[in-house]
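Undergrad: here is the input, now give the coordinates:
(chains A and B)
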Amino acid sequence: RKEVEQDPGPFNVPEGATVAFNCTYSNSASQSFFWYRQDCRKEPKLLMSVYSSGNEDGRFTAQLNRASQYISLLIRDSKLSDSATYLCVVNTGGGNKLTFGTGTQLKVEL
Amino acid sequence: EADIYQTPRYLVIGTGKKITLECSQTMGHDKMYWYQQDPGMELHLIHYSYGVNSTEKGDLSSESTVSRIRTEHFPLTLESARPSHTSQYLCASSEYIQGAKNIQYFGAGTRLSVL
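TA: Residues are numbered from 1 along each chain as shown, chains lettered A, B, ... in the order given. Next comes the predicted model:
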């Protein structure tokens, strides 16, 4: 079983739709959680950290469920520019290594 | 924007050549990382460093080697390139802050093709 699992998609949604991605992690000792965004043939860039109480940044909302070991990302009013691959990232243990999921591909269409 | 730079961006080279992929950051970050990513696949950590003269192998076995003689510089070397080394190589760095999250900043990557 992979340490971080995501549905690879693609999710094809119309502009303005709300879309949600889930991610599960296997190590209950995981301490930090992030969503990164990666555009085609580009480097990953931090989208947002995920806090235990949940957090929101504009149209993006991240949630953490430690009991069930999953993280979610909700995108409201999706834009064409949101088309990208969204990577679920987990920091396990006391070190500084991150484990990346394979990513979920989002395509926002007119 | 992160100040982390990788050169070259693209490299096409023949089998058996020695290559060095450069990575430099101007943020004074202690920690640096090399990842390998094939198209449509996840990133795999191949090397990391927690500071000068510190290097460790990552989760994915790699025939490459790294060095960390200066804080800002973390080059990756392949002594004899093979077609199986064809991939994208991403360098990242992060700052250690007690109790804080480890946010990594990535360079633009080097896309390597070995013929």
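
Undergrad: residue boundaries of the strands in chain A?
TA: According to DSSP state E, chain A carries its strands in the segments A:4-6, A:11-14, A:19-25, A:30-38, A:44-50, A:55-57, A:60-65, A:70-75, A:84-92, A:98-100, A:104-109.

Undergrad: what about the chain, any weak spots by pLDDT?
TA: Since no chain was named, I'll use chain A. Applying pLDDT under 70 to chain A picks out residues A:93-96.

Undergrad: actually it's chain B I care about, not the one you picked
TA: Chain B contains residues with pLDDT under 70 at B:1-2, B:96-100.

Undergrad: where does it come near chain A, residue by residue?
TA: Neighbours of chain A within chain B, by C-beta under 8 Å from any C-beta of the partner chain: B:31, B:33, B:35, B:41-43, B:45, B:48, B:50, B:58-59, B:90, B:94, B:96, B:101-109, B:111. Heads up, the C-betas are built off the backbone N, CA and C, glycines and all.

Undergrad: which of these fall in strands?
TA: B:K31, B:Y33, B:Y35, B:L45, B:Y48, B:Y50, B:L90, B:S94, B:Y105, B:F106, B:R111.

Undergrad: now for these: which two are most distant?
TA: B:Y50 and B:R111 (27.3 Å; C-beta to C-beta).

Undergrad: the residue found closest to B:C91 once you drop the neighbours it is linked to in the chain and A:D39, how far apart?
TA: Of all residues not flanking B:C91 in the chain, B:C23 sits nearest, at 3.5 Å (C-beta to C-beta, 6 or more residues apart in numbering or on different chains). From B:C23 across to A:D39, the span is 20 Å (C-beta to C-beta, to the nearest Å).

Undergrad: the two: who's more crowded?
TA: Regarding B:C23 and A:D39, a neighbour count based on other C-beta atoms under 10 Å in any protein chain shown identifies B:C23 as having more, with 25 against 12.

Undergrad: which ones are touching that one?
TA: By C-beta atoms under 8 Å, 6 or more residues apart in numbering or on different chains, B:C23 lies in contact with B:I4, B:Y5, B:Q6, B:M32, B:W34, B:H73, B:F74, B:P75, B:L76, B:C91, B:G107.

Undergrad: any idea what it is bridged to?
TA: B:C23 has these beta-bridge partners by DSSP bridges: B:Q6.

Undergrad: turn the strands of chain A into a markdown table, columns for mean neighbour count and distance to chain B.
TA: What follows is the strands of chain A, written out as a markdown table (neighbours: other C-beta atoms under 10 Å in any protein chain shown; distance: least, C-beta to the nearest C-beta, whole Å):
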| stretch | mean neighbour count | distance to chain B |
| --- | --- | --- |
| strand A:4-6 | 20 | 8 |
| strand A:11-14 | 14 | 15 |
| strand A:19-25 | 19 | 12 |
| strand A:30-38 | 20 | 4 |
| strand A:44-50 | 20 | 5 |
| strand A:55-57 | 12 | 12 |
| strand A:60-65 | 18 | 12 |
| strand A:70-75 | 20 | 14 |
| strand A:84-92 | 23 | 5 |
| strand A:98-100 | 24 | 4 |
| strand A:104-109 | 18 | 9 |
